[in-house]
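*Asks:* any chance you can model this:
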Amino acid sequence: MEDRHIRKDHNKTCLLYHVVLTIKYRREVLTDGVIKTLTKIFLEIQHRYDIQFLEIGTDEDHLHALVQSVPTASPSEIVQTVKSITAKQLFKLHPEVKQMLWGGQFWTRGYYINTVGQYATAETIRNYVKKQGKQYTRHYQGQLALFDALG
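*Replies:* Okay, here's the model as predicted:
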């Protein structure tokens, strides 16, 4: 298996996110030309920021990306960086798109982001933790509470 860790001076990480961004008003503006430009912008972002795009896919009104980044960049910062740079560049390079989207925004305010396990599931990590040391003692076991609270 390929090692996809990012190595810095004092850490080694493998943080992967599934990001979904939706076009404002769910307009179907992702033509072949816009997608080509968008992909080029994503690749330019890689050279300026600690954000790597491992996969980019689109539907007519939204985009999916598999993104790798570093711990100093929060998921919301990654999304904000990507949304702001791509919108500015797309409106500059494809003025016809801006005409289709009143209000001057390319993306909706919201987004979807989820962590992706490159090497293990939550259950694998839970079992790994259990097997550390000579005698494992569980001190706490939490549940995915935010899902229920926000649902």
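
*Asks:* beyond the helix ranked longest in the chain, next helix or strand please.
*Replies:* For the chain, the helix with the greatest residue count under DSSP state H is helix 75-93. Counting by DSSP states H and E, the next helix or strand C-terminal to helix 75-93 is helix 95-100.

*Asks:* after that following helix, next one along is what?
*Replies:* Scanning forward in sequence from helix 95-100 by DSSP H and E, the next helix or strand is strand 112-116.

*Asks:* list the buried residues for stretch 112-125?
*Replies:* Within stretch 112-125, no residue counts as buried by 16 or more other C-beta atoms under 10 Å. (Each C-beta comes from the backbone N, C-alpha and C, glycine too.)

*Asks:* hmm, Val82 is touching Leu21, no?
*Replies:* Yes - taking contacts as C-beta atoms under 8 Å, Val82 lies within contact range of Leu21: 7.3 Å.

*Asks:* so if I had to pick from those two, which one is more boxed in?
*Replies:* Neighbours per residue, other C-beta atoms under 10 Å: of Val82 and Leu21, the larger number sits with Val82, 23 against 20.

*Asks:* what's the neighbour count on Asp9?
*Replies:* By other C-beta under 10 Å, neighbour count at Asp9 equals 4.

*Asks:* distance check, it against Val70.
*Replies:* From Asp9 over to Val70 the distance is 12 Å, taken as C-beta to C-beta, to the nearest Å.

*Asks:* next: Met100.
*Replies:* Met100 is 35 Å from Val70, by C-beta to C-beta.

*Asks:* tell me the contacts of the residue most central in space within the chain?
*Replies:* For the chain, the residue nearest the mean C-alpha position is Val19 (3.6 Å; C-alpha atoms, centre = their mean). Going by C-beta atoms under 8 Å, 6 or more residues apart in numbering, Val19 touches 64-67, 78-79, 82, 111-113.

*Asks:* could you turn the buried ones of the residues you listed into a ChimeraX selection?
*Replies:* Selection of buried members from the contacts of Val19 for ChimeraX, criterion 16+ other C-beta under 10 Å:
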select :65,67,78,79,82,111
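
*Asks:* present the contacts of Val19 as CSV; the columns should include distance to Leu54.
*Replies:* Below are the contacts of Val19 laid out as CSV (distance: C-beta to C-beta, whole Å):
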residue, distance to Leu54
His64, 11
Ala65, 8
Leu66, 4
Val67, 7
Ile78, 13
Val79, 16
Val82, 14
Tyr111, 18
Tyr112, 17
Ile113, 14
